[in-house]
Each structure stands twice: as structure tokens, then as C-alpha cells.
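> model the structure of this input:
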Amino acid sequence: MRSLASAGQVFGLVTAMATMVVLGATPASAEVPSNDTIDGATAITTVPFEEVVDTTEATTDAEDAAINANCGAPATNGSIWYTLTAGTSPAYVADVSKSNFTAGVIVATGTPGNLSILACGPDTVGFEATQGETYYLMAFSDNPEVVGGQLSFAVRESGPPPKVAMTVDDIGRANKSGTATISGTYTCVGDADILVLDGTLQQQQAGDVQVRGSFDVPDLTCSGVGKWTAEITPESGKFVRGLAATAGFTGACNAIGCNTYDTLEVVRLRGGH
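From the prediction side, this is the model:
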């Protein structure tokens, strides 16, 4: 499995590209939200959960700063708090992407004044959960210039990162055009937001000539076992009948994380069309 970027790296990469624009006017009648501080955190008792909160009058305090020390968000302006006691779902996703300003989420365990960060990031944050454990979720504006706005906060259940694998068939084709066609199977089990399968094919020919090409298989679905086929155009030269080596990669991700699978196989290319 490939390692995931740290929470601080994720915030740095995404918020560096965020547009510093507030979308919408500040309501004149805004009030301080009831869950402005951790002591007034809203308890989420049913999942899925979704609400929109006006956070233009929300504040930030020492608790926010303390938990952000291990996250690295540019700001935790206009923060509000929630608690979630995990049920049987192995993971959850907190989503603030529909807010009318750039927002983030921090997920922590422990008790007020003694929290340990579990996950954080902009827009959508996934975290694995233990049944019966209580999680604190802080939603906030990550723009130092924006206090808050219409914050859309949602929580849904999720599965763990999807499991993937792939095979490459022993026999492929060297086509008259000089391209090669190879195939195989792939396995993807779970909920996947992203699924990729790609690789390279390399053939050593007479005179130490190396013919190489890459492939990328589009439009795959994470629904168990499926088949894939790729036609590979060489970077130079032509693929011919004989042995070739393929390095294949497949990977799938959801909000919780990613799993990947690599394979190195020998393929016999036979004459094709």
C-alpha cells in the first residue's frame, strides 16, 4: 500500500490553490452558533447527517489552536463542533465541500482539553472508527481572510479503502501495425472514488533494441472481478512476435485511503491482425 500524505501536506497543497473569495453576503441577523465551542458540540445521533449553519459570528479559541497544531490548516476561523459516537460502520466521511467558502474538518479523539488528532483536511475527510468510541469533529473556515459563512456539514458512513489486484494473460498479440494487445483481469472490492489500471510493455529485440510502450485502461468500475484489454503503441519501433515483459499497476482510493497492487509478468506475443 502506498503511504498517504500527512494531514498538513494535504491542507498545504489544496489551500494553496483555493480562491480567496467569499461566495454570498453575510446575513445581518447572524448569531453565534450554539455549537461554537467544544462544550456545546452538537451530538450526531443519526447518520447520514446534514445541516447548514451560519458561521459568520462563530469564534475561534485556544482549543481550536491546540488541535490545529498537529494539522497545519492556514486558519480555523469560525469553527463549530460536533460529536459522533461510532456505530457498526468501519469508517465515516465528514464533508464540508458544499459550503460557500473554503472549509476544512479536523477529527479528534479524547476529551476537551486533551484531544488527539485523528484526521484533518479541506473539503472531505474520512476516518476509520471503532464502535462505541466518541469522535470530536471541528468544521471551520481555512481562509485567514474569511471568518465563516453558510457552512454545509455532512457525515456519512463509508467502508475501508477498497482492495485491488490484477493479472496479466500469458498470451498477447503483436499486431501488423506494430502495436501490441495484452489483456488480463482486475479485482476491486469496496467503495472506490478513484480506480486506475496502467503499466508498460517492454520487448528486447535483436541487436539489443528495446521497444517500449505504456498503457492506461479507462472506465473501470469497482464491482468485483472484471476484464481489461489494452492496445499499446510503442514509443519507437514495432512490437513483434516473441516474449515481452509487462509491469502493471492498479490502485483504488476512497475518502479513507488507498490500496495499490503491482505485478511484473512475461507475455508471449503472437501474430495478430
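
> okay, now the domains of the protein?
The record's domain split for the chain, according to automatic domain parsing, is 7-158, 163-271.

> what's the neighbour count on the nearest residue to residue 257 once chain neighbours are set aside?
In space, and not counting its chain neighbours, residue 257 is closest to residue 161: 4.1 Å by C-beta to C-beta, 6 or more residues apart in numbering. Using the backbone N, CA and C atoms, a C-beta is placed for each residue, glycine as well. Counted with other C-beta atoms under 10 Å, residues neighbouring residue 161 total 24.

> which SS state does residue 161 fall under?
Three-state assignment for residue 161 (DSSP: H, G, I helix; E, B strand; the rest coil): coil.

> hang on, it packs against residue 258?
Yes. Using C-beta atoms under 8 Å, residue 161 makes contact with residue 258 at a distance of 5.7 Å.

> let me see the contact set for residue 255.
Contact analysis of residue 255 by C-beta atoms under 8 Å, 6 or more residues apart in numbering lists 93, 124-126, 158, 193.

> need the max-distance pair from those.
Farthest pair in the contacts of residue 255 (C-beta to C-beta) is 125 and 193. Separation: 13.4 Å.

> show me which of the two is the more surrounded one.
Higher neighbour count among residue 125 and residue 193: residue 125, with 24 against 15, using other C-beta under 10 Å.

> which residues sit against the strand ranked longest in the chain?
In the chain, assigned by DSSP state E, the strand with the most residues is strand 258-271. Strand 258-271 has contacts (C-beta under 8 Å, 6+ apart) with 1-2, 4, 161-174, 180, 182, 194, 201, 203, 239-253.

> repeat that for 6 Å
With C-beta atoms under 6 Å, 6 or more residues apart in numbering as the test, strand 258-271 has contacts from 1-2, 161, 163-166, 168, 171-174, 180, 182, 241, 243-251.

> narrow those to those that are buried.
Buried by 16 or more other C-beta atoms under 10 Å: 161, 164, 166, 168, 172-174, 180, 182, 244, 246, 248-251, out of the contacts of strand 258-271.

> of the residues you listed, just say which sits nearest to residue 104.
Taking these together and measuring to residue 104 by C-beta to C-beta, the closest member is residue 161, at 21.3 Å.

> quick one: the helices in the chain?
Remark: helices assigned in the chain by DSSP state H are 7-15, 62-68.

> among these, which gets the worst mean confidence?
Lowest mean pLDDT within the helices of the chain: helix 7-15, at a mean of 47.

> burial measure for residue 170, as a count.
11.

> repeat that for residue 124.
15.

> how far away is it from residue 104?
The gap separating residue 124 from residue 104 is 10 Å, by C-beta to C-beta, to the nearest Å.

> need the contact list for the residue lying closest to residue 196 once chain neighbours are set aside.
Of all residues not flanking residue 196 in the chain, residue 251 sits nearest, at 5.4 Å (C-beta to C-beta, 6+ apart). Counting by C-beta under 6 Å, 6+ apart, residue 251 makes contact with 196, 258, 260.

> pull out the buried residues from these.
Applying 16+ other C-beta under 10 Å to those flags 196, 258 as buried.

> residue 152 pairs with what?
residue 52 (DSSP bridges).

> check contacts around it.
For residue 152, the contact set (C-beta under 6 Å, 6+ apart) comprises 52, 98-99.

> could you redo the last one with a cut-off of 8 Å?
50-52, 95-100.

> which of those residues sits closest to residue 58?
Once C-beta to C-beta is applied, the member of the contacts of residue 152 that ends up nearest residue 58 is residue 99, at 12.4 Å.

> quick check: pLDDT value at that closest one.
Value for residue 99, per-residue pLDDT: 97.

> isn't it right up against residue 149?
Yes. Taking contacts as C-beta under 8 Å, residue 99 lies within contact range of residue 149: 6.6 Å.

> which one of the two is surrounded by more residues?
Neighbour count, other C-beta under 10 Å: between residue 99 and residue 149, residue 149 has more, with 26 against 22.

> and for that one, nearest residue in space, chain neighbours not counted?
Closest to residue 149 by C-beta to C-beta, 6+ apart is residue 101, at 4.3 Å.
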